[in-house]
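In: any chance you can model this:
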Amino acid sequence: QYGVPYFVEIESKIDVPLSENYPLSDIFFAGRVKDRLPKLMNIYHKLSEKGLHVSYYLTGVPNDKKVNLPGIEYGDRNMQYSEMLRRSVNSRCILEINQEGAVGYTSRFLEAVIYNKRLVTDNLSIRNTKFYNPDYIQCLENVEDIDPMFVLQETPIDYKYNNEFSPINLILQIDEILNGRN
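Out: Purely as a prediction, here's the structure:
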């Protein structure tokens, strides 16, 4: 609108090996809870009741809100990125629950695309991306929409990712703008 270039989030693909015990979980979420705790707990209970192994690493949870449940870890600080990636890659599916009002690409979305992982998200704007495929991404309008069978699917995933989020691609875009080729 104002002639200012906008670049989507960037992320490099790092080689993350599959665990000998793959999958470590059926669905994985890591993050600061902020306003998301009730939604995250509803999803946890819905999927756990169906027998899925849900894995959460949550920070910012007040002590009076911490509930001791299998698969939920509470931390005082963010998980190291390398560990978060290891757990994401070694899970069947990544869970993305956005903060209220957030839209656009997130790291969880990028990781799902880069590593060919299923994604369950409440970020409905994902439907408008070139990577959206309902076989790979389930968009939730409410928690009751979550389909445990979607998480457990074994069919191969291929987003046809071609390094669109790579820092190298960002440099090429900047070069095109600076040289008037945009």
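
In: contact partners of stretch 68-87?
Out: 14, 16, 19, 24-25, 28, 30, 32, 44, 48, 53-59, 61, 66, 111 (C-beta atoms under 8 Å, 6 or more residues apart in numbering). All C-beta spots, glycine's among them, are computed from the backbone N, C-alpha and C.

In: give me the buried entries from those.
Out: Listed as buried from the contacts of stretch 68-87 are 16, 24-25, 28, 30, 44, 48, 53-59, 61, 111; burial here means 16 or more other C-beta atoms under 10 Å.

In: right, and the pair among these with maximum separation?
Out: Using C-beta to C-beta, the buried ones among the contacts of stretch 68-87 reach their maximum pairwise distance at 16 and 61, which is 26.7 Å.

In: where does this structure dip in pLDDT?
Out: 6-8, 101, 181-182 (pLDDT under 70).

In: nearest spatial neighbour of the spatially most central residue of it, skipping sequence neighbours?
Out: By C-alpha atoms, centre = their mean, the mean C-alpha position of the chain lies nearest to residue 108, the distance being 2.6 Å. Leaving aside its sequence neighbours, residue 108 sits nearest to residue 96 (C-beta to C-beta, 6 or more residues apart in numbering; 3.9 Å).

In: where's the residue lying closest to residue 147 once chain neighbours are set aside, which helix or strand?
Out: Once flanking residues are discounted, residue 147 sits nearest to residue 138: 6.2 Å by C-beta to C-beta, 6+ apart. In this assignment (DSSP states H and E), residue 138 forms part of strand 137-139.
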